[in-house]
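Colleague: Below: sequence and its predicted model.
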Amino acid sequence: MGVLNRYEAGVCYYPEHWKETLWEDDLRRMLANGIKTVRVAEFAWSIFERTEGAYDFSFFARFLDLCARVGMKVILGTPSATPPAWLTEKYPETRNADASGHLYAHGGRRHYNYNSPIYRQKTGQLVQKMAEAYGHHPAVVGWQIDNELNCETADFLSEADTLAFRSFLKKNYGTLDALNEAWGTVFWSQTYTAWEKIFVPRQNAVSAHNPSLMLDYVRFVSESAISFCAMQAQIIRACAAPGQFITTNGMFGHLDNVRMSRDVLDVYMYDSYPDFWYGVDQTWKKEELHDRNASLALTRVRSICRHFGIMEQQSGGNGWYNRMEAPMPRPGQLELWAMQSVAHGADYISFFRWRTSPVGTEIYWHGILDYDNHDNRRLREVRKFTEHLEKIQEICGADTDARFAVLTNPDNLFDAEVDHWHARVENASQQGIFEAAQALHVTYDLLDIRDDTSVETLCAYPLVIVPHFVITTHEMAECLKAYAQQGGTVVIGCRTGYKDRHGTCPMRPMPGDFREMTGTAVDEYSFASPAEKEATGKWGDEEIPAACFMESLKAEEGTEILARYTTGYLKGEPLLTLRQNGKGKVLHFGSTFSKSAAMCLLRRAGLAEPYAGDVQVPESMEAVGRVKNGKRYLFILNYLPESQQFEAKRPVYDLLGQETLEGTVTVPGYGVCVLRI
Amino acid sequence: MGVLNRYEAGVCYYPEHWKETLWEDDLRRMLANGIKTVRVAEFAWSIFERTEGAYDFSFFARFLDLCARVGMKVILGTPSATPPAWLTEKYPETRNADASGHLYAHGGRRHYNYNSPIYRQKTGQLVQKMAEAYGHHPAVVGWQIDNELNCETADFLSEADTLAFRSFLKKNYGTLDALNEAWGTVFWSQTYTAWEKIFVPRQNAVSAHNPSLMLDYVRFVSESAISFCAMQAQIIRACAAPGQFITTNGMFGHLDNVRMSRDVLDVYMYDSYPDFWYGVDQTWKKEELHDRNASLALTRVRSICRHFGIMEQQSGGNGWYNRMEAPMPRPGQLELWAMQSVAHGADYISFFRWRTSPVGTEIYWHGILDYDNHDNRRLREVRKFTEHLEKIQEICGADTDARFAVLTNPDNLFDAEVDHWHARVENASQQGIFEAAQALHVTYDLLDIRDDTSVETLCAYPLVIVPHFVITTHEMAECLKAYAQQGGTVVIGCRTGYKDRHGTCPMRPMPGDFREMTGTAVDEYSFASPAEKEATGKWGDEEIPAACFMESLKAEEGTEILARYTTGYLKGEPLLTLRQNGKGKVLHFGSTFSKSAAMCLLRRAGLAEPYAGDVQVPESMEAVGRVKNGKRYLFILNYLPESQQFEAKRPVYDLLGQETLEGTVTVPGYGVCVLRI
Amino acid sequence: MGVLNRYEAGVCYYPEHWKETLWEDDLRRMLANGIKTVRVAEFAWSIFERTEGAYDFSFFARFLDLCARVGMKVILGTPSATPPAWLTEKYPETRNADASGHLYAHGGRRHYNYNSPIYRQKTGQLVQKMAEAYGHHPAVVGWQIDNELNCETADFLSEADTLAFRSFLKKNYGTLDALNEAWGTVFWSQTYTAWEKIFVPRQNAVSAHNPSLMLDYVRFVSESAISFCAMQAQIIRACAAPGQFITTNGMFGHLDNVRMSRDVLDVYMYDSYPDFWYGVDQTWKKEELHDRNASLALTRVRSICRHFGIMEQQSGGNGWYNRMEAPMPRPGQLELWAMQSVAHGADYISFFRWRTSPVGTEIYWHGILDYDNHDNRRLREVRKFTEHLEKIQEICGADTDARFAVLTNPDNLFDAEVDHWHARVENASQQGIFEAAQALHVTYDLLDIRDDTSVETLCAYPLVIVPHFVITTHEMAECLKAYAQQGGTVVIGCRTGYKDRHGTCPMRPMPGDFREMTGTAVDEYSFASPAEKEATGKWGDEEIPAACFMESLKAEEGTEILARYTTGYLKGEPLLTLRQNGKGKVLHFGSTFSKSAAMCLLRRAGLAEPYAGDVQVPESMEAVGRVKNGKRYLFILNYLPESQQFEAKRPVYDLLGQETLEGTVTVPGYGVCVLRI
């Protein structure tokens, strides 16, 4: 995790939920089962400051002393996600509000807003006191700021947010005229003639706002969260002992996690609950990838932080008392899901939570142990996992053996959170590319690109896909062009480049800034109609589907037409083009990257089945490659309850079984195999 | 109905909806059709007190005088469900509010709250005046308090409710420390440091609250409703002539109907609209029991009041002007549904309503007569029903011929209203047991059990099922143990005993307080996964499904394993155990009682088809047994439009046809047969 | 369009969205493509009055001057649909509110209410200034008032609305006693004792109100919208040059468009987006009529204004940034949909919009041109359409060749907006009759009838269907009777006549006022049950379905029973009756007019396939007849992507191809044929 150099397992623990007499037994059982770190205190504001200003740090001091004594490391959470009742009742302005301005009541969590000065002050004071109290304690190794920023809701609509939004806009635009111009407020007479007329998006008669306002609002929420996080980080860094790392956990919307991770944190942590894709409701369908989809989320986590941690790794069935009724992980699944995280780059795996909460909203968000505290199957699986972790220590810190990259960009991510036309194509392609890569056992990266991204960053990959950068910039275009010039292959999808960074649509042909590179202009475009069959094109001998969206491309001189539509209303029109750019090439695909389209692309790029010489793995298992010091490692994961087989075509070393394998190898149901190849 | 000793039919009537000149004709037609009682005035506040303090009781005095003259008995409703506009506009604090604190406007009904002092005062004054005005009138036989307490919404979220909630909690917990401890407010820093920080559950950022708060809140709503009802009952008892009974109607959530019935009422009445299970929307499916499901509701009514009344028995198609578009009862269905009520223990059947309302929200909540007042088919069916009632008078006051009991308990009912994990298993088993009993023609009771329930109460049944008492107490355990010791059979289902009465989960093995009795401990537990086939076990030769939820049981010494899982991830683990307790036995079933599982259980207990020696009834008809003075009676009900047949294996007496039957007997579509066997 | 005597094409244009330097190019391209009129300024309040009172009319003056110079005609919109932020923030009372009283914020459109005095004043002042500034400009030919009255929401719930509602009621009822009587407020103690207790329908505990209040509320909203529109029209008429017409656009609920059109407007315009029936979401199903359903909407438009305009004719795929992701019209569809409007009576077709908006909520509500402004396929199709329009000029001003009429009435329309029982039968029959007429190629009219409608109006049709006039009046009955007396055929459906104009249900047999005419009384009635198969009757040899609702009719002497139920619970009862009335006859059908029932009726009335002697058209194409100066014209429209054929049985003249056709004629996919026959 940047600050760790060994794989390690941890657990989330709530000393305040249990009798103090139980602590030592708990800690010793954790250690006995391979758990060496606990995350504590992230919801414990009332323990530290039961009433306003009545600070008391003795409770966790006793706990930390015990940890130091038994040899347990501690990550301390700052409890700003759960302000006590005394705070939010006395200072209602600290609360978040819904779209009609109604303040959220105390009684859940995350009912505060980032911009209330009094909330920042109260939080800052507590964090300062915590850092002073514990910042040099020998048990403390790191800090988690807040808990799951932007979870529950990523919309902040309080008065404090409106005031801060205005400041944010003043800073960005300087004048109202500039703002009116940038946002196109001339539409529907929305021109602002005073800053005081601008609000965060409140309920109006149409349940929609100016999309440019919405885009800036999302940027503003992100800025608010980051600055709230930075405020705390700054205090901790000033007071705590050097070497204690700072992190936060979770990956939620309206937040530029990449920037937060880079500017504020030492390491980024994710909370991995594959159950969200597995069986939690009745819409589960047999034909989808289910929990295997968590690998796409982990790929995105890696785009934020190459070597990350899992602060909360699912260890039981999830649920709140009033929603979600999820099954327990089946035998093997707990380790399978933990290994999925490791395979995708997690160097620290902290389970949520040691023992299921006996009280509160999350009595069904199961931990390792059940209420009755008996040694159960899940604890045995945790121990097995921690033992396995030791056997694969040589992989810790390895890089992903990524064979291509899918580019991602905060402006485009934010725009897709606002714009359903954007979201529909983006989601279709992210899912399609992921499924294609899973089917062909290609590990890939999501790669964050900004105006200041260097061409070298891209050069690590022979191929980059830019699915649907609706918003393009000259800088990104230059970077991609340079990458192609040096021999890279760029593939862009439909909908590229019709917006500027304000989310408005300049008068220019698509793909906008990327046009020079592609040598194309979009002539027609349309969503697929539910009244029609999916359109297709022909790429060489292969049929390539044009799913979800269709563009017909005009090819300029020097641009080759690789595929034309063969069905659909654009029949005969160009669907896929190629333009040589120096040593490399740029492809323009006028549709979304469905699984079939992406498989076609990866096969033609020679990227499919990169380990085929070593092992032959069926599509129904995931294979994730990592590389370190010239050695390659392969995690093979079986998400099915039945055992499955792969073929070792030459001797490969099984790190968990500590033996060399060749020929047919059986992976048990929900089992994992880690190979050095 | 406790206070009645003959079957009798009544009707709901609204003198205020019609020209006074029509009254006598209406009353005489009712009498001519066998209707001897009318319920009136329950929405007539504006008639009694048109403006504040301007009491006028002449209108209903005229009506009562007419009733006395023609020989019609009257049940008077207190109109507290519909405060007039002048009241709730002048005293907004009397109104109920939604979760964001917005007060409900006048213009519907039930827009008041139980705890506003001014509302209690205004209601009390009016009830006092009514009791004085009519309490000795010869036509009056009883009183209905309010109308359908907790209908429309069972959530009360006004300021008055918050104040009363705090008092309720102070009384129950004494100190905030005790409350904080009981509720586990340490979770998410919800610790209260002043009573003034506690509110009824308002909208927060997570749409969830501490479940212990929620459980106490439901208890509080129940207490509020009961004390509001008791306040009125006390006034009536003080002023009205002795012999006039007091009741209320409907069965809604957040209400301990058993306690209300016992402490406040002379008799409990239900409003039976089988249409709610029959055809009111497009989700109707052929394979379900539909209107036959109303028998389950009636079984629950019987658990509240062994001999109850139906204050509103459906007589036409239901609907409001802006929702529900229901068909009319088909020929026979009106009587079928009324007889369903009688079969299940109703001694008084009052139809809703005499004539369909020509005005207001319920113009489509059809009565017996249509707007045009012509003698219609439904009136003819009412007359037939009242004639039939006379033919079965000997059954009035009979007890249900119940062959087993399913235990029910207010804390567990309330917890299931709050907790979806609890509700899912509880609902599955209630439906499964009901369907099994219907299929096997076993009549059974829902039996309310509390800490003070005597073992004798249970001893009336050879078998009691305790489906899912998530909350157990030592007292209930002792009672059940004693029952078993004396020869009874107890069957408990999964999820038993993991909560205490605060809804929190103590550190002890399941089934908690019942463990000594079962000699088991739950090892693993999980919801069934939608990704898996339903698990099964083997009980002797029979396959027994483990639907919805699965527990593996550890059997202590002396506990026999009756069935193990044969499929599913718990394959090989114990699913069903038996422990001898004195003369009786206790079974622990680690799943829910699906129809198949319950059928298996009933058959093995020798309880299936208790009347098989007398009559052989197909599964597609309901058979309900009643017993009185050593005689047994059987209601056979045909819910299908087609005629069906049963086999009388020996001569049985048909009370409606007044003849002895033997051999094949045909019951017409939607027909009923009442046998003395 | 009443004021136009030639077919003409226009377009919606937003000069304020583009650089002024682009204007002339845009206008000249429009003219080059056959577009001769632009509609402008309807959202431009901020352009005219950027801050309060700072009027500035120079911007559009420059635009108008340019238009005059290049020869473009202009329709000016008044911008009252989009009050600027300065207005609604300074005067919050001008805003509309939701049911809980929360004011809608600025940031969308239509966030104002019609009844705020200050809003009327501000609007009036601006309109006055606009009329003075532009009312004599040579380019201006007409005015559009506001934009889409009652779009977004037709509910107005602000304080100003409550005050105006009370005035409206005082005017209509005089006394509270009269209102209480009319509304039946005795129901649920809703009796009003002060006008101040009456409110527009606010959120209450039951989400329902007195339906009579609701009916008057809908009338009130209609009155409010009309008087707001009239206020503007009056100002314009006083100031602008004679000859400039006044219109408004769109057709929305809670609005008596017929009266508004008659009393306030010179011509009525509709916004036709067939995409709403074509492919905009995933619920699209192959077996429905889809975009062909827009013809039903256009038939209703014709009931408002016999020769109307289309102010917004769809030219691209629709969508807002946060909802609706619609495909582009496929090749031919743009013209198909425009011709559909022309076929149904539009004499003016104005496309929405010239170029897709680069900014704001509607960046995806595509215009003719895309953001990039290149000459695209859609522009080519517009040019083809305008060329075709010239070829069919002889048809302009023709009447519909309607062969029967379906009567419609504002009280019944409003009641169906309030009453779901009413809406269900009404919608079923409107759709059924439409589908039958489409299948049999019969063009028909929806005919608005009121108490003052003359019998001559009806005499234009041999047959009138009165599907479900729940509310009848003596006057309407007299008119229908007289029509029948003179030889007409009246067919009434189920549910007729059980309400009076207050929406309450008088004590009289159905069909109420129409009873004398039908010689029937309804005995039983019921919705069809989802548990039953659809009931049928027998009319001669034909089976006629009784779908959705069933009535059994009692026939009086002199009334013939044409059909009885042959299945269903009313088997054997009369379903359809006939009573001779003078020279004509009145049929009473006790059900809804499903497609099959309506086809049966039309065939028996000899109205099916009126052009069968000329052309034989398959059911899968629409044929719309128009008639002018004794000549008949037939529009044949192909809504499928595949070409289809019809048979010319004798020589017919094809106006678009300018040739005479006979025998098999092929209409291309999405193609149109316009014949003189």
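Modeller: Now that the structure is in, tell me what you want to look at. Numbering: from 1, shown residues only, chains lettered A, B, ... in the order given.

Colleague: okay, and for the stretch 151-300 of chain A, where does confidence drop off?
Modeller: Across the stretch 151-300 of chain A, residues meeting the criterion (pLDDT under 70) sit at A:280-287.

Colleague: correction: chain A
Modeller: Residues of chain A meeting the criterion pLDDT under 70: A:1-4, A:280-287.

Colleague: Closest residue of it to chain B?
Modeller: As assessed by CB to the nearest CB, chain B sits closest to A:V359 within chain A, at 2.2 Å. Just so you know, the C-beta spots here come from the backbone N, C-alpha and C atoms, and that holds for glycine as well.

Colleague: What's the local residue count around the closest residue to A:A535 other than its chain neighbours?
Modeller: Nearest residue to A:A535 in three dimensions, chain neighbours excluded: A:G568, at 2.9 Å (CB to CB, 6 or more residues apart in numbering or on different chains). A:G568 is flanked by 21 other residues according to other CB atoms under 10 Å in any protein chain shown.

Colleague: how would you label A:G568: helix, strand or coil?
Modeller: Following DSSP: H, G, I helix; E, B strand; the rest coil, we place A:G568 in the coil state.

Colleague: which ones are touching it?
Modeller: If you count contacts by CB atoms under 8 Å, 6 or more residues apart in numbering or on different chains, A:G568 has them with A:532-536, A:546, A:550.

Colleague: One more pass at 10 Å, please.
Modeller: Neighbouring residues of A:G568 by CB atoms under 10 Å, 6 or more residues apart in numbering or on different chains: A:526, A:528-529, A:532-537, A:546, A:550, A:575, C:330.

Colleague: Please apply the same query to A:P574.
Modeller: Contact analysis of A:P574 by CB under 10 Å, 6+ apart lists A:520, A:523, A:537, A:551-555, A:559-565, A:588, A:590.

Colleague: What subset of these is buried?
Modeller: Buried members of the contacts of A:P574, scored by 16 or more other CB atoms under 10 Å in any protein chain shown, are A:520, A:523, A:537, A:551-555, A:559, A:562-565, A:588, A:590.

Colleague: How is chain A divided into domains?
Modeller: A:41-147+A:156-243, A:405-604, A:615-676 (automatic domain parsing).

Colleague: Briefly note if the shortest one comes near chain B.
Modeller: Yes - using CB under 10 Å from any CB of the partner chain as the criterion, contacts between domain A:615-676 and chain B involve A:640-641, A:669-670.

Colleague: Give me the phi and psi for A:N322.
Modeller: phi -120, psi 10 (degrees, to the nearest 10).

Colleague: before we move on, the earlier item: among the residues of domain A:615-676 next to chain B, which are in strands?
Modeller: Judged by DSSP state E, strands contain none of these.

Colleague: Just the buried ones among these, please.
Modeller: The buried subset of those (16+ other CB under 10 Å) comprises A:641, A:669-670.

Colleague: Please report the distance of the closest residue to A:D614 other than its chain neighbours from A:K631.
Modeller: Spatial nearest neighbour of A:D614, chain neighbours left out: A:I677 (4.4 Å); criterion: CB to CB, 6+ apart. Per CB to CB, to the nearest Å, A:I677 is found 8 Å from A:K631.

Colleague: now swap in A:A605 and tell me
Modeller: The gap separating A:A605 from A:K631 is 25 Å, by CB to CB.

Colleague: And A:H366, by the same measure?
Modeller: For A:H366, the distance to A:K631 (CB to CB) stands at 37 Å.

Colleague: which one of those two has more residues nearby?
Modeller: A count of neighbours by other CB under 10 Å puts A:H366 above the other of A:H366 and A:K631, at 27 against 12.

Colleague: Check the secondary structure at the more buried one for me.
Modeller: Following three-state DSSP, A:H366 is assigned to coil.

Colleague: tell me the contacts of the nearest residue to it once chain neighbours are set aside?
Modeller: Leaving aside its chain neighbours, A:H366 sits nearest to A:G316 (2.5 Å; criterion: CB to CB, 6+ apart). With contacts defined as CB under 10 Å, 6+ apart, A:G316 is in contact with A:275, A:326-329, A:334, A:351-353, A:355-356, A:364-370, A:376, A:378, B:526.

Colleague: go again using 7 Å as the cut-off
Modeller: Applying CB atoms under 7 Å, 6 or more residues apart in numbering or on different chains, we find A:G316 in contact with A:328-329, A:356, A:366-367, A:378.

Colleague: Now which of those residues would you call buried?
Modeller: Those of the contacts of A:G316 that meet the buried threshold are A:328-329, A:356, A:366-367, A:378, by 16+ other CB under 10 Å.

Colleague: Show me which of the residues you listed is closest to chain C.
Modeller: A:P329 (33.2 Å).

Colleague: Using CSV, lay out the buried ones among the contacts of A:G316 together with distance to A:N210.
Modeller: Putting these into CSV (distance: CB to CB, whole Å) gives the following:
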residue, distance to A:N210
A:M328, 47
A:P329, 45
A:T356, 46
A:H366, 44
A:G367, 46
A:R378, 50
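
Colleague: Could you work out the most separated pair of these?
Modeller: The span of the buried ones among the contacts of A:G316, defined through CB to CB, is set by A:P329 and A:T356 at 13.4 Å.

Colleague: how would you label the residue of chain A closest to chain B: helix, strand or coil?
Modeller: Assignment for A:V359 (three-state DSSP): coil.

Colleague: From chain C, how far off is it?
Modeller: A:V359 sits at a distance of 33 Å from chain C (criterion: CB to the nearest CB, to the nearest Å).

Colleague: again with A:N257
Modeller: According to CB to the nearest CB, A:N257 stands 23 Å off from chain C.

Colleague: what are the phi and psi values for that residue?
Modeller: When read as degrees, to the nearest 10, the backbone of A:N257 gives phi -60, psi -30.

Colleague: And A:R62, by the same measure?
Modeller: Per-residue torsions, A:R62: phi -60, psi -40 (degrees, to the nearest 10).

Colleague: number of nearby residues for it?
Modeller: The burial count for A:R62: 13, using other CB under 10 Å.

Colleague: And for A:H474?
Modeller: The burial count for A:H474: 10, using other CB under 10 Å.
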